[in-house]
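Asks: Dropping a prediction and its sequence here:
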Amino acid sequence: MSSDLTGHAGELAVAVAQAHGVETMFTLSGAHVFPLYDGAVKAEPPLRLLDVRHEQTAAFAAEATGKLTRTPGLAVLTAGPGVTNGLSAVAQAQFAGSPLVVVGGRAPQGRWGTGALQELDQPPIFAPVSKLARTIPTAGDLVDGMHEAFVTAGSSHRGPVFVDVPMDELFASASGALPDVTVPRGADPDTDALAQVATLLAGADRPVLILGTDVWADHAEEAALRFVETSGVPAITNGMGRGVVPGGHPLLVTKARSHALGNADLVVVVGTPLDFRLNYGEFGGRDGATPARVVHVADSPGQLSGHAALAGSVSGDLTSVFDGLLAELERAPRPDRSTWVGDLQAAVAAATERDAALLGAEADPIHPARIYGELVPRLADDAVVIGDGGDFVSFAGKFVEPKRPGGWLDPGPYGCLGAGLGAAIAARLARPSAQVVLLLGDGAAGFSLMDVDTLVRHGLPVVMVMGNNSAWGLEKGPMQMLYGYDVIADLAPRTAYDEVVRALGGAGETVTDPRQVGPALDRAFASGVPYLVNVITDVDATYPRTSFGV
């Protein structure tokens, strides 16, 4: 059912955004986009305006909003440098499949080619990292153009859309009819492909299921858990797939990941690319065994791997995929996999026992794992945990197992530092009653810590936990391994980042004694303000990794 809209282009844009479920406009003030602010203020109800200190934070906040709410987030960036400051967040959204709409200001069309302030043809810059990047040329095109942007961003496979509007047209008045705002669901999966995958599953002795971000993004978390529990196939989760199978579940074997993927005879990967994080889709083969067969499942055909040797694949609405596979499996005899599942559960138990020593380490300087030993027991089931860092956040991936889906945010495969403060802003707005914990490396903090000011001004309490090893830990170790030395990998020792947070109106403290990590976290959670627990950690206690992303 369409509705008629009239007003200046900023009012029209806000009306379309609100019709698509947008509740917040993330921005940093700029004259090229003033009509959008006027539209937000005068809307009924008004659209929340949240202004930041760097445009990257606005774009990262909108990207995280898309991840958390599964409705496209909205960032509005003024022309020129305001727009280009948001480019990394748009690229992150493209790699992570995050629904995001970025509206940019643009120099006036009536002055184009004469050297107006910040005159730049911006869509070609965004085209390689967007589902759609275009200029909406006139106020009269605004309603249809914005509607197209939101539908495109929110449809499988989800991702970012960039549009800009000439300044003179943004101030102009027009009218338009708002189309039906329903976002189409994914396609039905091919029944023959489902049957082929089900046959592979039915014949596998040692299958493993990997659940990724798109399981959450495609609203398939309930179907995925139903599939795991009904089929009995053990699962590993990554990205926003974390929590789909809750931490502690007997079929969650993420802690035995290496053992599971090294010994599997079939790996079914759902909702995540076969990239460097998953050894490019090569599994099994441990100790001379036959490599595992691989099945890739995606929400749309374009997401299926083009480089891996696949035994089967299927794409479409992921709830339909999971339920369709279950229906197919009901017609096949179920093999006894109790030995395989028991073997993986024993490996999980052994890993948990090994981890206990690190999680309780009394080392001085503090081992990063001790922070998680104190933090994890303090996390509520609905906590939102955000990772923004390299080596320190790698430990989080090892030790934090969310109890619910939709509670884990990391940069995804693009690996962009500086996303954390924006994500924390988004999480506090999207989940007002939940714990919001931002895990920061001291290196990553340098990209965005100034936006603590945004948290303070808008009354958004967040617990920030920093692993401060005074180095670029993810680079220092590998450089030493390659060259026998390192350069430009050290930061100033024991920098008091908590004093920066206090200067901006928050609170915090530095911790050097492992026995004080827990009490400091308690004070942070009880504070009701943005609070940084700045933990001085051992630079030599690095995350044991087997891959450097190449």
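Replies: Great, that's in hand. All values derive from a computational prediction rather than experimental measurement.
Asks: Next, the buried residues of the helix or strand harbouring Val143.
Replies: Per DSSP states H and E, Val143 falls inside helix 142-154. Buried positions in helix 142-154, judged by neighbour count with 16 or more other CB atoms under 10 Å: Leu142, Val143, Gly145, Met146, His147, Glu148, Ala149, Phe150, Val151, Thr152, Ala153, Gly154. Just so you know, the C-beta spots here come from the backbone N, C-alpha and C atoms, and that holds for glycine as well.
Asks: do stretch 250-269 as well
Replies: 251-257, 259-269.
Asks: Distance from the chain centre to the helix holding Val143, please.
Replies: The chain centre lies 22 Å from the centre of helix 142-154; the measure is CA atoms, centre = their mean, to the nearest Å.
Asks: could you check the angle helix 142-154 makes with the very next helix or strand once past it?
Replies: Downstream of helix 142-154, the first helix or strand assigned by DSSP H and E is strand 160-166. Interaxial angle, strand 160-166 versus helix 142-154 (axes from the mean of the first three to the mean of the last three CA atoms, to 10 degrees): 160 degrees.
Asks: Please work out the average pLDDT along strand 160-166.
Replies: For strand 160-166, the mean per-residue pLDDT is 98.
Asks: Need the buried residues of helix 142-154 in a markdown table (columns: distance to Ser470 and pLDDT).
Replies: A markdown table is the format used below for the buried residues of helix 142-154 (distance: CB to CB, whole Å; pLDDT from 0 to 100):
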| residue | distance to Ser470 | pLDDT |
| --- | --- | --- |
| Leu142 | 50 | 97 |
| Val143 | 53 | 97 |
| Gly145 | 48 | 98 |
| Met146 | 46 | 98 |
| His147 | 50 | 97 |
| Glu148 | 48 | 97 |
| Ala149 | 43 | 98 |
| Phe150 | 44 | 98 |
| Val151 | 47 | 97 |
| Thr152 | 44 | 97 |
| Ala153 | 40 | 98 |
| Gly154 | 42 | 97 |
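Asks: now the helices for the stretch 1-150 of the chain?
Replies: Taking DSSP state H, counting those that start in this stretch as the test, the helices found in the stretch 1-150 of the chain are 9-19, 34-42, 55-69, 81-84, 87-96, 123-126, 142-154.
Asks: thinking again about what came up before, tell me the angle the helix holding Val143 makes with helix 55-69.
Replies: Between helix 142-154 and helix 55-69, the angle comes out at 70 degrees (the same axes, to 10 degrees).
Asks: Could you export helix 142-154 as CSV, keeping only the C-alpha atoms?
Replies: Extracted C-alpha coordinates of helix 142-154, given in CSV (Å, rounded to 0.1, in the frame of the first residue of the first chain):
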residue,chain,number,x,y,z
LEU,A,142,14.4,11.0,-3.9
VAL,A,143,11.6,8.7,-2.7
ASP,A,144,12.1,6.0,-5.3
GLY,A,145,15.9,6.3,-5.0
MET,A,146,15.9,6.0,-1.2
HIS,A,147,13.4,3.1,-1.3
GLU,A,148,15.7,1.3,-3.8
ALA,A,149,18.7,1.8,-1.5
PHE,A,150,17.0,0.3,1.5
VAL,A,151,15.5,-2.7,-0.3
THR,A,152,18.8,-3.4,-2.0
ALA,A,153,20.8,-3.2,1.3
GLY,A,154,18.3,-5.4,3.2
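Asks: Need the contact partners of it.
Replies: With CB atoms under 8 Å, 6 or more residues apart in numbering as the test, helix 142-154 has contacts from 5, 9, 12-13, 15-17, 20, 66, 71-72, 99-101, 103, 131-132, 134, 136, 159-161, 163, 165, 169, 174, 176-179, 181, 183-184.
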